[in-house]
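Peer 1: Coordinates only, no sequence provided:
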C-alpha cells in the first residue's frame, strides 16, 4: 500500500516542500496539492516536481468548473512533462459555495461536465485534432456562439504519456459510479472500510460494469487522520473537530455532501445535531457530538498494533493509497511527521 500526504504549507510553502525531501526518504510515495480558494495548485505542483526525484505528485483537486477542459488537459500534460511522468490529474466538482461564490460560475451538471472533461483531456493527450460535440462543451466553438473563425487544433507538444492518470474525488452514489467507470483512481472522503461495501459498493459495481478494461483496476486513494502512539487523545480530538467542520459547516443546510455521507453511514441523528450546533457557532459542542465509532472508523489513530489492524481493514476494502493527515502531536513537528510516515510505511509493508 502506497503512503501519501497532502502538502500542508500553513507553516510556509518553502518549508513544507523542503520537508518533502525527508518524507520521500521516509517512505512517502505521493503528495497531493489542494486548490480550494487559496493559491493555485499548478504553480506549487511545478515547484514540487522540480525539487523531488521519485515522489509522485497529484492535484488534490483541481475544480472541474474553473478551467476549460482543454486548459486542464494542457496543464496536466505540462505537469507530467516537468515531473518526468509523475503526475496524476485529480479533479472534482467542489461545491456551489466555492464555484459560484468565489469563481462566479454556475454550479450545474456536475456529472456531465466531469465526463466531458475527462474525454476531452484524453483526446488532447493523444494529440488528436480536437473536435468535440458534447452537451456542455463544443470544440471548436460554432458560429452560433462565436465568430465562426475557430478551427480544430491539436496539442503542439508530444506529452510524456498519452494517458495521464485521472483521479476523481467523489462521495455521492452517482459521481462514485462515474469515477469507477471512467477514472484510473477514485478519491472518497471519510472512508470507513467496514461500512464501505454497503455505502459505496452498489455505485462502484454499477460504474465498474461499464469500465474500459484498458483503464486497469480502479485505484482507491483515501485520506486518513493519523497518529500512532499509546496516548492519542489529542489526535482523536483533532479528528473529531475536523469531522464536525465538514459535516456541520462545509455546505448549506440541505446541501452538504459530507452531512449526507454521515447519514449514509448510519449517523443521521448525530449528523443533524452536529450541523445544528456548528451552524449555531457552537463548534466545540459540535465536535463532541461526533460519534467515536465514526472518528475511529475513518482514521488511523491508535497504538502501532491498532494501526496495523486498521491498515489491514483499509487494504481489505480495496484501498491502494493511504494519504496521511497527521493529527495531534504527530502534526506539530517535522520529526513527528517523519516518524509517522516511517511507522505507517513499515506497517503497510
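Peer 2: Received the coordinates, thanks. Bear in mind the structure is a predicted one, so any value in this text is a computation, not a measurement.
Peer 1: residue ranges with poor pLDDT in the stretch 51-200 of the chain?
Peer 2: Along the stretch 51-200 of the chain, the model assigns pLDDT under 70 to no residue.
Peer 1: Which parts of it are helices?
Peer 2: 69-82, 96-99, 110-125, 173-182, 196-209 (DSSP state H, counting those that start in this stretch).
Peer 1: Name the single longest strand found in the protein.
Peer 2: Using DSSP state E to assign secondary structure, the strand with the most residues in the chain is strand 219-228.
Peer 1: Run the angle between that strand and helix 196-209 for me.
Peer 2: Angle between the axes of strand 219-228 and helix 196-209 is 160 degrees (criterion: axes from the mean of the first three to the mean of the last three Cα atoms, to 10 degrees).
Peer 1: And the strand or helix carrying residue 311, what does it pack against?
Peer 2: Assigned by DSSP states H and E, residue 311 belongs to helix 304-316. Applying 3 or more Cβ pairs under 8 Å, 6 or more residues apart in numbering; DSSP states H and E, one finds that helix 304-316 contacts strand 219-228, strand 300-302, helix 334-348. All C-beta spots, glycine's among them, are computed from the backbone N, C-alpha and C.
Peer 1: Which one of the ones you listed lies nearest to residue 272?
Peer 2: Closest of the helices and strands packed on helix 304-316 to residue 272 is strand 219-228, at 22.6 Å (criterion: Cβ to Cβ).
Peer 1: re the thing from before, make a markdown table from the helices of the stretch 51-200 of the chain and add mean neighbour count and distance to residue 263 to it.
Peer 2: A markdown table is the format used below for those (neighbours: other Cβ atoms under 10 Å; distance: least, Cβ to Cβ, whole Å):
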| stretch | mean neighbour count | distance to residue 263 |
| --- | --- | --- |
| helix 69-82 | 20 | 32 |
| helix 96-99 | 18 | 19 |
| helix 110-125 | 20 | 20 |
| helix 173-182 | 21 | 13 |
| helix 196-209 | 17 | 10 |
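Peer 1: could I get these as JSON lines with distance to residue 217?
Peer 2: Supplementary listing: those in JSON lines, determined by distance: least, Cβ to Cβ, whole Å:
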{"stretch": "helix 69-82", "distance to residue 217": "21"}
{"stretch": "helix 96-99", "distance to residue 217": "31"}
{"stretch": "helix 110-125", "distance to residue 217": "18"}
{"stretch": "helix 173-182", "distance to residue 217": "11"}
{"stretch": "helix 196-209", "distance to residue 217": "9"}
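Peer 1: how about these, which one is nearest residue 283?
Peer 2: Nearest to residue 283, of all these, is helix 96-99, at 17.7 Å by Cβ to Cβ.
Peer 1: Tell me how far the closest one lies from the chain's centre.
Peer 2: Per Cα atoms, centre = their mean, to the nearest Å, the displacement of helix 96-99 from the mean C-alpha position of its chain is 17 Å.
Peer 1: which parts of the helix or strand where residue 32 lies are buried?
Peer 2: Here residue 32 sits within strand 30-33, counting by DSSP H and E. For strand 30-33, the neighbour count (16 or more other Cβ atoms under 10 Å) marks 30-33 as buried.
Peer 1: swap in stretch 340-349?
Peer 2: Residues of stretch 340-349 classed as buried: 340-345, 347-348 (neighbour count, 16+ other Cβ under 10 Å).
Peer 1: try stretch 59-69
Peer 2: Those would be 59-67, 69, for stretch 59-69 by 16+ other Cβ under 10 Å.
Peer 1: just checking, which of those residues belong to strands?
Peer 2: Taking DSSP E as the definition of strands, the buried residues of stretch 59-69 contribute 59, 62-63.
Peer 1: Among the residues you listed, which one lies nearest to residue 97?
Peer 2: residue 63 (11.7 Å).
Peer 1: which residue sits closest to the closest one, ignoring its sequence neighbours?
Peer 2: In this structure, residue 63 finds its nearest non-sequential neighbour in residue 94, 4.4 Å apart by Cβ to Cβ, 6 or more residues apart in numbering.
Peer 1: With residue 176 instead?
Peer 2: Closest residue in space to residue 176, ignoring its immediate chain neighbours: residue 203 at 4.0 Å, by Cβ to Cβ, 6+ apart.
Peer 1: which ones are touching that neighbour?
Peer 2: Residues in contact with residue 203 (Cβ atoms under 8 Å, 6 or more residues apart in numbering) are 173-174, 176-177, 180.
Peer 1: cutoff 10 Å now
Peer 2: 170, 172-181, 186 (Cβ atoms under 10 Å, 6 or more residues apart in numbering).
Peer 1: ok, now residue 246?
Peer 2: 189-190, 256-259, 261-262, 274, 278.
Peer 1: Now tabulate those residues in CSV and tack on secondary structure and neighbour count.
Peer 2: CSV is the format used below for the contacts of residue 246 (DSSP: H, G, I helix; E, B strand; the rest coil; neighbours: other Cβ atoms under 10 Å):
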residue, secondary structure, neighbour count
189, coil, 16
190, coil, 22
256, coil, 22
257, helix, 18
258, helix, 22
259, helix, 25
261, helix, 23
262, helix, 24
274, helix, 31
278, helix, 23
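Peer 1: Sweet, I'm off.
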